[in-house]
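Asker: structural data only, the sequence is not supplied:
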């Protein structure tokens with residue numbers, strides 16, 4: 001079985017694949033101070049709670065956009081699973097050409113999303129990932145990574161309002177009952193939610209003009225279900241997209257290693 005780990009700035013997602021089947025999936029808060037032992041004990045406990053024997057893990061694949069945690073993850077894999085972790089990074093054969101000015105600037109999670117999206121849905125395709133940032137990634141009909149868009153996420157926007165406006169509180173991010181708020185909290189929630197929906201639709205309008213009318217769109221990330229359902233594109237949500245991408249890339253990595 002393959003343990004896949006996606007370390008994001010706000011949340012981290014772990015999953016276990018048995019072949020191509022996702023046996024279990026967990027979403028956690030990212031703790032930048034977490035040690036290798038904390039990672040190891042916590043991960044093994046999660047596996048046990050889902051009836052998965054830690055001894056059954058035969059591979060560890062990681063995508064991380066938080067470099068300070070990489071050494072702890074590497075140590076965790078070696079100490080608790082007796083395995084060398086494979087990190088998605090520059091030089092790895094993903095099977096996807098990267099048409100970015102500097103390919104090393106593209107986050108590992110965005111590459112994993114794009115590989116999985118093309119494999120599962122074909123192209124041209126756009127992946128909208130609702131994380132700390134809302135990212136839009138464009139994949140051509142030939143399966144090439146063309147580039148994308150990076151915009152502030154809902155949490156970032158909400159926190160900016162709280163930090164920069166003395167009289168505005170922190171609010172729960174959710175869909176409001178009506179667009180015109182009759183109090184401060186409702187007005188903020190309306191602005192955050194409808195602002196995100198309008199931004200997503202506006203960016204997709206422009207990207208689809210470039211990629212073509214038959215462009216597919218898929219969403220993933222922690223807040224995907226909140227915004228995607230309100231989009232005029234009726235974006236399907238694939239909560240396991242990043243993990244699927246890590247599995248696919250890991251399989252390609254093993255195949256390339258065998259043919260060396």
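Answerer: Ah, there it is. Treat the numbers as computed from the prediction; the structure is a model and nothing was measured. Numbering: from 1, shown residues only.
Asker: now the strands for the stretch 151-260 of the chain?
Answerer: For the stretch 151-260 of the chain, the strands defined by DSSP state E, counting those that start in this stretch occupy 216-220.
Asker: residue ranges with poor pLDDT in the protein?
Answerer: Counting by pLDDT under 70, the chain shows low-confidence ranges at 260.
Asker: all helices for it, in order.
Answerer: Per DSSP state H, the chain carries helices over the ranges 36-49, 70-81, 108-121, 154-164, 184-211, 224-228, 241-258.
Asker: for those helices, give me TSV that also has distance to residue 131 and mean neighbour count.
Answerer: From N, CA and C alone the C-beta is placed, and that goes for glycine too. Output for those, formatted as TSV (distance: least, Cβ to Cβ, whole Å; neighbours: other Cβ atoms under 10 Å):
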stretch	distance to residue 131	mean neighbour count
helix 36-49	20	16
helix 70-81	18	18
helix 108-121	8	24
helix 154-164	9	15
helix 184-211	13	17
helix 224-228	9	20
helix 241-258	10	20
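Asker: out of these, flag the one nearest residue 130.
Answerer: Relative to residue 130, the nearest member of these by Cβ to Cβ is helix 224-228, separated by 4.5 Å.
Asker: and that closest one, what other elements does it pack with?
Answerer: Using 3 or more Cβ pairs under 8 Å, 6 or more residues apart in numbering; DSSP states H and E as the contact test, the elements touching helix 224-228 are strand 125-130, helix 184-211.
Asker: run through the bridge partners of the closest residue to residue 146 other than its chain neighbours.
Answerer: With Cβ to Cβ, 6 or more residues apart in numbering as the criterion, residue 146 has its nearest non-adjacent residue at 4.2 Å, and that residue is residue 138. Assessed by DSSP bridges, residue 138 has beta-bridge partners residue 126, residue 147.
Asker: which residues does residue 138 contact?
Answerer: 124-126, 145-148, 207, 210-211 (Cβ atoms under 8 Å, 6 or more residues apart in numbering).
Asker: check residue 163 too.
Answerer: Counted by Cβ under 8 Å, 6+ apart, residue 163 has zero contacts.
Asker: give me the neighbour count for residue 84.
Answerer: Neighbourhood size, residue 84 [other Cβ atoms under 10 Å]: 11.
Asker: with the one 5 residues further on instead?
Answerer: Using other Cβ under 10 Å, residue 89 has 13 other residues around it.
Asker: quick one on the thing from earlier: could you dump the helices of the chain into CSV and include distance to residue 132?
Answerer: Shown next, in CSV, are the helices of the chain (distance: least, Cβ to Cβ, whole Å):
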stretch, distance to residue 132
helix 36-49, 20
helix 70-81, 18
helix 108-121, 11
helix 154-164, 6
helix 184-211, 13
helix 224-228, 13
helix 241-258, 14
